[in-house]
Every structure is written in C-alpha cells, then in structure tokens.
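*Asks:* Fold the following and give me the result.
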Amino acid sequence: MFRRALNCAVVPALAVAAALTGAVPAHADGIPNAPGHRLVSQYDGAPATAAPVPGQAPPQHPFLAPNGRSGMHADAAGSATYPWSGPLGRNPRVTSRKIAALGGECATATFDSGGRLVTVCGTFAGFEVKLLDPRTLDTLAEYALPQRSSTVEAVTRLDFSKIFKDTSGGAYFYLDDQDRAVLADSRQHVLRLAHSQDPDGTWKFTVADDWDLTGVVPHDCIGWTNLWPSGTCDPVTSVMPDWQGRIWWVTRLGRVGTVDPRTSAIRSVQLTGEEIQNSFSVAEDGVSVVTDHALYSFATTADGTPRVQWRQTYDRGTGTKPGSVNQGSGTTPDLFGDPAAPGGGYVAITDNADDRMNVLVFRRGTDVADADRPVCRVPVFGAGASTTDNSLISWGNSLVVENNYGYENITSLLFGRSVTGGVTRIDVRPDGSGCDTVWESAVRSPSTVPKLSTANGLLYFYEKEPNVWGIDAWYLTAVDFRTGERRWRRLTGTGPLYDNNWAPITLGPDGTAYVGVFNGIVAVRDDG
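*Replies:* Below you'll find the model as predicted:
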C-alpha cells in the first residue's frame, strides 16, 4: 500500500478548498539539491541487458486504462508489474520538477492514451490533480481538490502525525478506460474527472460525474470553518471499479460501499471496529479488502450491496510498528495465480506479527474450506525490525517484499541516517504445498512502492544508505528479479526534498521511471 504521501499541505493561510480548472503556466523549476550532491557517487554498477521474465500478465480490467497505465499498483490485481521496460542504466539522465515552494509531492502517476501523466500532487493549498508532460514534467492543466481535515487538525492542534497517518483525499485514484481520473475527495464525494484540449492548445480538467457519499458516510470533519466538530468524520480511503462497472469505495472506519454509475445508487456495509488504511484489489471473482484485523473477499447482492464471500484473520500484533500506519497489515492485497485452478488462485498480504512480519498466501476460491485456505506463512527480515507499509510485487507464483521498518516521515532519515532495509523474494511452490524463500537482498528502500518490469527482468527501488558525512543521497536502484543482485543505481538528488515519502515508482510506456518525491516528481530515463 501507498500511505502518507501527499501530506505536505500544512499552511493554514493557503487552505483554500475551492475547486479550480483551466490552464496554468507551463514551466517549473527543478528540485534543488542539499549540500553534498557532488561528494557522493552519481552512478554505480553497469547497464543491464533486458532479460524478459516469462509469465502471464493479470487480466485486463474492462473499466480501467490498460495495465501499467491505470493506478498506483499498475493493474486491478495489484501486481505492481509493467509489460514494458524501465531504464536499463545506460547513461541514465535525471529530470525533476518542483511542484510548489515547499511540499508538492506527486505520488500516484497514471498515463492517458496520449502518454501524458495524470497524477495527484500535495501542495500547501491542498491536493491537485495534474496533467504533466511526460518528458519535461511541465504542468499542462490542474484541478484543485478540497483541503483534508488532517491538515487543519495538524496545524490547529500542533499534531503533525495526523497528516502522516492520513491515506485519504484522492491519493488512491485510478484512470478508467476513457482516460478519466476517478477519486474520492475529502468531502466524501466520488469524482470522475475528464481532461481535454481546447482549440488554442490549452488543456483543462472538467467534472464528468460527482457522487455524494455523505448520506451514508459520517462527515462532521474538522475544517477552517468547523474547528470543533462534535460528530464523526470517516474519510474515504480508496476507490476501484469491479468487473461489472460499479465503483467500490472504502473508508478509514471500515465502511465498504459501491456506486452504480448508471443509476447513481449507493450501497454500503460497515465492518464494525475495523480500520481500512490500504487500497484494495479486484478480479472477476471478487473484491479483496484488508483491514487492520482481517482479509476479506467481497461480492455484491443483486442491488449492489457488498456481501462477504469469506473472511480470514491474521496476526495483527500488539501495536503499531515504526514504519506502519496502524496495527495491521500495510499491504494492498495481491491477486495472482490461475483462478480456474483448484483453490481459485491466490491472494497475498503481510501481517503485523510482533517479532517478525510474515508474508501470507491464501487460496481465494469461494468453495475452499477455512482450514484449507492458508498456503504459507513466511517470516521475513530481522527480529524486532520487520514491517512493510507498501504493496507486494507479484508475478507468476513469485512475491517480492521490502522492509520499511523505521521510516515514519521525511524527518526520519535526515543527517545521513537510513533504515534496516532488506528485500526478499518468495515463491509459491508449483503444487501449492507451501512457499520458499528464493533470495534476500540488503538493499535499503525506506518507503517506496517498488515495481517490476517483466520486459527486462529488473525490479526498481528507491534506495538510501547511511552516510557518515550526513549526506542524504537518494538513488533509483535496479535489482535483478531472478537473483536479487543490485545491477545499477543512479543518484536522483540529495536532501529531504528528494525523499519519496511513501510515493511509488512508476514505469512509463516510453521506458522512463518516475518517482514522486517530497518537493514534486523525478524522472530517470536512459540516454544512451
């Protein structure tokens, strides 16, 4: 799961909630480096040769943009894989764009049919949906979203942890099959935004649809005109469509619901006492949601009301670890394997066990007995220093997990500090009898959502190692999927403005790797 990115809108004087459309100035500055940029290695390793990884891509969702273009986790199954190549490390060139004076992180990046980036960025005034040129990263158009209540609460009550533990407000959005961005804003509305180009060449966003969830979602939220609310505020965490075209949504306080775009009918249920801070994944056989207590598979009744197909609890531990948003799994479920095979394919998450986090794999068929649902429980990373708050990578029967233990926010790794780190690949056995650890890597990727290019066989991480001189150097790092060997890494920049702060790596169709960072967005592409 991605969490806590886009959490930099903290200045009350600029807390404007009005939605804006239209063209904006085309050019922006690059992100400045902190001192020490020339004192650290710019490039390590050697260019890789593309070695495609055989396997079957997740099914293309009929209501999403093509796989790789549609959302944070690349597809409906949450695989975090791309069918095209990322950079191979051939004289890689770095481009950056500062989105705001401070803050401005652009996290989830999607690609429209023309290859332009559609993303959501955090600014002082709030979140903005942006259309970016994929080469220059210049802003072509933007649409302002309402300010999140967590920002107001952080400023008025001097508790900035509220921002860093807020996954709502539009960060989890998707691009649909008609190039429209679909998201839930901080007013508990689901929006569908289209973008278009005027005859004079300027671009703009327009609201194609607006569904108001406040009839079923409590919305007495703190704001600049409501500083002391007396009721309940339940922010919407994420949205995704199912195979029938309904738009599913989940909230922090455990509500799971649908919107029927044809009729605007809204239906919902609540998982009482459970919290949802992750996104969710969708396949033809159901919708997979993880709470801080259990993993669920959902379908709907005839009128669109969510109904539980099965529920599987897991070890949620006894508290929240540094590097986790709550006392529960930090992952969006991964759906993989053949749903037509016995057991109905697999779903994977991690738990929150106290000593060592475990990768958990379950059979996801609706006809599987509870006792037969678990496939394996594999402990990963070191004792007392093991957690992740990012989605797994899944390809074939393989899973890749990174260790985020110790990362909380952009202040966590200042002055040359880093995390314990670690990356592990685990494979489900061909006969489904269990799982095996294939390799372990010492790469320190503090907080990114990593990705795999199945076209070249490289995993991409955003790495930071300890530095005795106190230099905070951030690298895009490529790791061999087959062996776990670091093949190369390229410095993107130095200092906290280059901290990715939970944003994902995104691979573009032209081979560029994009990383949302605290001050905007970075692009790395081969130049040779």
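*Asks:* Wait, residue 104 touches residue 520, no?
*Replies:* Yes - using C-beta atoms under 8 Å, residue 104 makes contact with residue 520 at a distance of 4.7 Å. Every residue, glycine included, has its C-beta placed from N, CA and C.
*Asks:* overlap in contacts of the two?
*Replies:* 98, 121 (C-beta atoms under 8 Å, 6 or more residues apart in numbering).
*Asks:* moving C-terminal of the helix or strand residue 191 falls within, what's the next helix or strand?
*Replies:* Taking DSSP states H and E as the definition, residue 191 sits inside strand 189-197. Using DSSP H and E, the helix or strand that directly follows strand 189-197 along the chain is strand 203-212.
*Asks:* what angle separates that following strand from strand 189-197?
*Replies:* Strand 203-212 runs at 160 degrees relative to strand 189-197, counting by axes from the mean of the first three to the mean of the last three C-alpha atoms, to 10 degrees.
*Asks:* Name every strand pairing with strand 203-212 and say which way it goes.
*Replies:* strand 189-197 (antiparallel) (DSSP bridges).
*Asks:* buried set for the partner strand?
*Replies:* Applying a neighbour-count criterion of 16 or more other C-beta atoms under 10 Å, one finds 189, 190, 191, 192, 193, 195 buried in strand 189-197.
*Asks:* Could you give the average pLDDT over it?
*Replies:* Averaging pLDDT along strand 189-197 yields 97.
*Asks:* quick one: residue 407 and residue 325 touch, right?
*Replies:* No - with contact defined as C-beta under 8 Å, residue 407 does not reach residue 325; the gap is 11.4 Å.
*Asks:* which of those two has more neighbours?
*Replies:* With neighbours defined as other C-beta atoms under 10 Å, residue 407 and residue 325 compare such that residue 407 has more, 28 against 22.
*Asks:* Quick one: residues contacting that one.
*Replies:* 322, 323, 413, 419, 446, 447.
*Asks:* Tell me how many other residues crowd the residue lying closest to residue 193 once chain neighbours are set aside.
*Replies:* Once flanking residues are discounted, residue 193 sits nearest to residue 181: 4.6 Å by C-beta to C-beta, 6 or more residues apart in numbering. When neighbours are defined as other C-beta under 10 Å, residue 181 has 27 of them.
*Asks:* any chance you could map the strands in the stretch 201-350 of the chain?
*Replies:* Counting by DSSP state E, counting those that start in this stretch, the stretch 201-350 of the chain has strands at residues 203-212, 236-241, 247-251, 255-259, 266-270, 281-283, 286-290, 294-300, 306-313, 334-336, 346-350.
*Asks:* Make CSV from these and add distance to residue 494 and mean pLDDT to it.
*Replies:* Below are those laid out as CSV (distance: least, C-beta to C-beta, whole Å; pLDDT from 0 to 100):
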stretch, distance to residue 494, mean pLDDT
strand 203-212, 33, 98
strand 236-241, 33, 96
strand 247-251, 37, 98
strand 255-259, 42, 98
strand 266-270, 46, 98
strand 281-283, 36, 98
strand 286-290, 36, 98
strand 294-300, 40, 98
strand 306-313, 44, 98
strand 334-336, 33, 98
strand 346-350, 31, 98
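*Asks:* quick revisit: for residue 363, state which of the contacts of residue 407 is nearest.
*Replies:* Closest approach between the contacts of residue 407 and residue 363, by C-beta to C-beta: residue 323, at 29.0 Å.
*Asks:* In this structure that closest one contacts residue 405, no?
*Replies:* Yes - between residue 323 and residue 405 a contact is recorded at 4.6 Å, counting by C-beta under 8 Å.
*Asks:* Now for the two: what residues contact both?
*Replies:* In contact with both residue 323 and residue 405: 387, 419, using C-beta under 8 Å, 6+ apart.
*Asks:* low-scoring pLDDT stretches of the stretch 101-250 of the chain, where are they?
*Replies:* Across the stretch 101-250 of the chain, the ranges flagged by pLDDT under 70 are 124, 154, 158-167.
*Asks:* if you set the cut-off to 80 instead, what comes out?
*Replies:* Within the stretch 101-250 of the chain, the stretches with pLDDT under 80 are 102-103, 123-126, 147-170.
*Asks:* And for the strand holding residue 191, what's in contact with it?
*Replies:* With C-beta under 8 Å, 6+ apart, strand 189-197 has contacts from 112, 118, 129, 131, 141, 143, 176, 178-185, 203-214, 236, 239, 247, 249, 259, 261.
*Asks:* which parts of stretch 199-206 are buried?
*Replies:* Neighbour-count burial for stretch 199-206 [16+ other C-beta under 10 Å]: 203, 204, 205.
*Asks:* Give me the ChimeraX select line for the contacts of residue 407, limited to the buried ones.
*Replies:* Entered in ChimeraX, the line below selects the buried ones among the contacts of residue 407, by 16+ other C-beta under 10 Å:
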select :323,413,419,446,447
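*Asks:* Might one say that residue 42 is in contact with residue 489?
*Replies:* No - the pair formed by residue 42 and residue 489 falls short of the contact definition of C-beta under 8 Å, at 9.7 Å.
*Asks:* Neighbour count: those two, which is higher?
*Replies:* Shown here are residue 42 and residue 489; by other C-beta under 10 Å, residue 489 has more neighbours (25 against 13).
*Asks:* on that earlier part again, how about the contacts of residue 407 in JSON lines, adding distance to residue 77 and pLDDT?
*Replies:* Shown next, in JSON lines, are these (distance: C-beta to C-beta, whole Å; pLDDT from 0 to 100):
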{"residue": "322", "distance to residue 77": "30", "pLDDT": "91"}
{"residue": "323", "distance to residue 77": "25", "pLDDT": "90"}
{"residue": "413", "distance to residue 77": "31", "pLDDT": "95"}
{"residue": "419", "distance to residue 77": "28", "pLDDT": "97"}
{"residue": "446", "distance to residue 77": "26", "pLDDT": "96"}
{"residue": "447", "distance to residue 77": "23", "pLDDT": "95"}
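*Asks:* So which elements touch the top helix by length along the chain?
*Replies:* Ranked by residue count, the top helix of the chain under DSSP state H comes out as helix 149-157. Packing contacts for helix 149-157, counted by 3 or more C-beta pairs under 8 Å, 6 or more residues apart in numbering; DSSP states H and E, involve helix 161-164.
*Asks:* gap between the spatially closest residue to residue 71 that is not a sequence neighbour and residue 426?
*Replies:* In space, and not counting its chain neighbours, residue 71 is closest to residue 174: 4.2 Å by C-beta to C-beta, 6+ apart. According to C-beta to C-beta, to the nearest Å, residue 174 stands 27 Å off from residue 426.
*Asks:* So these two - more neighbours on which side?
*Replies:* More crowded of residue 174 and residue 426, by other C-beta under 10 Å: residue 174, with 27 against 22.
*Asks:* Tell me the bridge partners for the more buried one.
*Replies:* Note on residue 174: beta-bridge partners by DSSP bridges are residue 71, residue 182.
*Asks:* okay but it is in contact with residue 64, surely?
*Replies:* Yes - here residue 174 reaches residue 64: they are 6.2 Å apart, a contact under C-beta under 8 Å.
*Asks:* re earlier: I'd like to check which residues are in contact with the residue nearest to residue 193.
*Replies:* Contacts of residue 181 by C-beta under 8 Å, 6+ apart are 110, 118, 129, 173, 174, 175, 191, 192, 193, 195, 205.
*Asks:* swap the cut-off to 6 Å and go again
*Replies:* Residues in contact with residue 181 (C-beta atoms under 6 Å, 6 or more residues apart in numbering) are 118, 129, 173, 175, 193.
*Asks:* ok, now residue 175?
*Replies:* 65, 70, 110, 118, 181.
*Asks:* residues in contact with the first one?
*Replies:* I take that to be residue 65. Contacts for residue 65 (C-beta under 6 Å, 6+ apart) come out as residue 175.
*Asks:* same question, the second one
*Replies:* Applying C-beta under 6 Å, 6+ apart, one finds that residue 70 lies in contact with 64, 110, 174, 175.
*Asks:* 8 Å instead?
*Replies:* By C-beta under 8 Å, 6+ apart, the neighbours of residue 70 are 61, 64, 76, 110, 174, 175, 176.
*Asks:* my guess is the first one meets residue 244, correct?
*Replies:* Spelled out, that is residue 61. No - contact between residue 61 and residue 244 fails when scored by C-beta under 8 Å: they sit 11.2 Å apart.
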